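Asks: Predicted coordinates and the sequence they were generated for:
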Amino acid sequence: MSLKVFLFLMGYLCKGDFMIKKMLTTAFVASQIASFCASAEVMTEESVKKHVDYGDNSGHFLLTSTDENFSLGFKGLLQQKTEVSYADKKTGVALTLPKARLKLFGRAFHPNINYFVQTQFEKSDHVSKKLISPYKYEVAGTSYLQDYYLNLGMPSHNVHARFGKFTMPFSRHYMVGGAQLRSPVHSLARQAFEITDNNKDIGVMIHSGFNIPIEYALAIVSNGVVGRLGYNHKGIDAFELVDFRGGDARFGVGVGGFLHTDYLSKEINDYRATLDFIFKLKSTSSHGEIYYANRNKIQSFGANIDIGYLLHKFEPVVHYSYLKPNIDIKDQAHEVTLGTNYYIYGHNLKAQPYFGMQHIKAANRFLGGVQLQFAF
């Protein structure tokens, strides 16, 4: 006779005694929890992470059923930044919370059906982002729900279909998770060419999977059509900017594009293109991108590049960004950032002190600070 049946029969026989019934009820609930825990296992990040996604959408904690058809994992992320800036003979001090996220992920019904949900608790700075990039589009729903999608895959054939709200496959820098960026200062070029806030949109995407030799992705979203084609050499982790593994020379390249449409008219007045690369060699890594856009016949150009060298847990980093909002006007912007990242436990616990300068419209802005990150 099982423990559950025994507890049920005892509860029935002792139904007149409230205290005994309460104790048996508590024991029954405890047995249910123990039964669930016995049928689940805790898996490590390496066993969880597959070639389904390009960001940090996996974690150290995962409960999975005995038949491996259902699982539930979670991951938290918190960033705190203290920054001092100087511009126009004025000094500013800001303490901000760039990211406060909770992520749920796993599979349902079948190992090849994966889901991902990401909630946002920090306050989005839509105003300043809109000033930097006036050609950003709105997305239905709330920004507090950053991601929610279902991914159906056939990994053996490199074919996946994704439905919901997700990061668009426009370029590598947008696709890399915010927790994995090497500089707390988002480059001017990256912000200027964003399609939507955080480059998220609602729709459907057909893709090959990621971190495989040849990648493809085509997304039809509420604001248009986005696509990317990439190549990865020697098994490079193409969406991890730091060379934690070390080793011989490896590289990845990609090209992406975006066409804005409302699906009602034939007119296309906004199209953009990107070219990106990543290179790693014996703890040295470099990543760069080139952007082009033609928005309402106004052509824009931008680029960014960074390079870092990992020495045990320290990584000196240099980042440069260039932006020309209108190629017919002399105005242009430059940004240089120097920093030393300290990876206490990889991206899960790190400190990122930095110092930089921005030159925008003949004016200089100096900034420096430190960002602390905790993820689990």
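Replies: Nice, I can see it. Numbers count the residues shown, from 1 in each chain.

Asks: C-alpha only now, for contacts and for neighbours.
Replies: Will do.

Asks: Quick check: Met357 touching Leu338?
Replies: No. Met357 is not in contact with Leu338 according to Cα atoms under 8 Å; the separation is 9.2 Å.

Asks: domains of the chain?
Replies: Split into domains by automatic domain parsing, the chain comes to 1-38, 39-375.

Asks: And the strand ranked longest in the chain, what's buried?
Replies: Longest strand in the chain, counting residues (DSSP state E): strand 90-108. For strand 90-108, the neighbour count (16 or more other Cα atoms under 10 Å) marks 97-108 as buried.

Asks: Any chance you could list what contacts that strand?
Replies: 57-58, 62, 69-86, 113-122 (Cα atoms under 8 Å, 6 or more residues apart in numbering).

Asks: which other helices and strands contact whatever helix or strand Gly288 lives in?
Replies: For Gly288, the element it lies in under DSSP states H and E is strand 284-295. Strand 284-295 sits against strand 270-281, strand 298-309, with contacts defined as 3 or more Cα pairs under 8 Å, 6 or more residues apart in numbering; DSSP states H and E.

Asks: that older thread, among the contacts of strand 90-108, name the buried ones.
Replies: The buried subset of the contacts of strand 90-108 - by 16+ other Cα under 10 Å - is 57-58, 62, 69-81, 83, 85, 113-122.

Asks: Show me those residues that map onto strands.
Replies: 62, 71-81, 83, 85, 113-120.

Asks: so what's the residue nearest to Lys99 when sequence neighbours are not counted up against?
Replies: Excluding the flanking residues, the one nearest Lys99 by Cα to Cα, 6 or more residues apart in numbering is Gln79, at 5.1 Å. Gln79 makes contacts with 97-100, 371-374, as judged by Cα under 8 Å, 6+ apart.

Asks: who does the longest strand of the chain pair up with?
Replies: strand 71-87 (antiparallel), strand 110-120 (antiparallel) (DSSP bridges).

Asks: What lies in contact with the last one?
Replies: What that stands for is strand 110-120. By Cα under 8 Å, 6+ apart, strand 110-120 touches 57, 68-70, 99-108, 143-155.

Asks: ok, now with 6 Å
Replies: 69, 101-107, 144-153 (Cα atoms under 6 Å, 6 or more residues apart in numbering).

Asks: Share the number of residues neighbouring the nearest residue to Phe244 once chain neighbours are set aside, please.
Replies: Once flanking residues are discounted, Phe244 sits nearest to Ser283: 6.5 Å by Cα to Cα, 6+ apart. Residue neighbour count, defined by other Cα atoms under 10 Å, stands at 19 for Ser283.

Asks: my guess is Ser283 contacts Gly246, does it?
Replies: Yes. With contact defined as Cα atoms under 6 Å, Ser283 counts as touching Gly246 (4.6 Å).

Asks: Which pLDDT does the model give Val48?
Replies: In this prediction, Val48 carries a pLDDT score of 36.

Asks: next one: Ala179
Replies: 88.

Asks: mind checking the SS state of it?
Replies: In three-state terms, and counting by DSSP: H, G, I helix; E, B strand; the rest coil, Ala179 is helix.

Asks: okay, now it: neighbour count?
Replies: The number of residues packed near Ala179 is 19, by other Cα under 10 Å.

Asks: coming back round to it: and Gly254, which of the strands paired with strand 90-108 is closest to it?
Replies: Smallest distance to Gly254 across the strands paired with strand 90-108 (Cα to Cα): 24.6 Å, for strand 110-120.

Asks: Return the angle between stretch directions for the host helix or strand of Tyr320 and strand 284-295.
Replies: Taking DSSP H and E as the definition, one finds Tyr320 inside strand 314-324. Strand 314-324 and strand 284-295 are oriented at 20 degrees to each other (axes from the mean of the first three to the mean of the last three Cα atoms, to 10 degrees).

Asks: Could you list every helix and strand in contact with strand 314-324?
Replies: Packed against strand 314-324 by the contact rule (3 or more Cα pairs under 6 Å, 6 or more residues apart in numbering; DSSP states H and E) you find strand 298-309, strand 333-343.

Asks: Turn the strands paired with strand 90-108 into TSV, columns for mean pLDDT and distance to Ile212.
Replies: As requested, the strands paired with strand 90-108 are exported to TSV (pLDDT from 0 to 100; distance: least, Cα to Cα, whole Å):
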stretch	mean pLDDT	distance to Ile212
strand 71-87	94	24
strand 110-120	93	17
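
Asks: quick one: low-confidence parts of this structure?
Replies: For the chain, the stretches flagged by pLDDT under 70 are 1-60, 124-134.

Asks: Which residue lies nearest the spatial centre of it?
Replies: Nearest to the geometric centre of the chain sits Gly177, at 2.5 Å (Cα atoms, centre = their mean).

Asks: rewinding a little: quick one: which two of the buried residues of strand 90-108 are the most distant?
Replies: Farthest pair in these, by Cα to Cα: Leu97 and Ala108, 33.1 Å.
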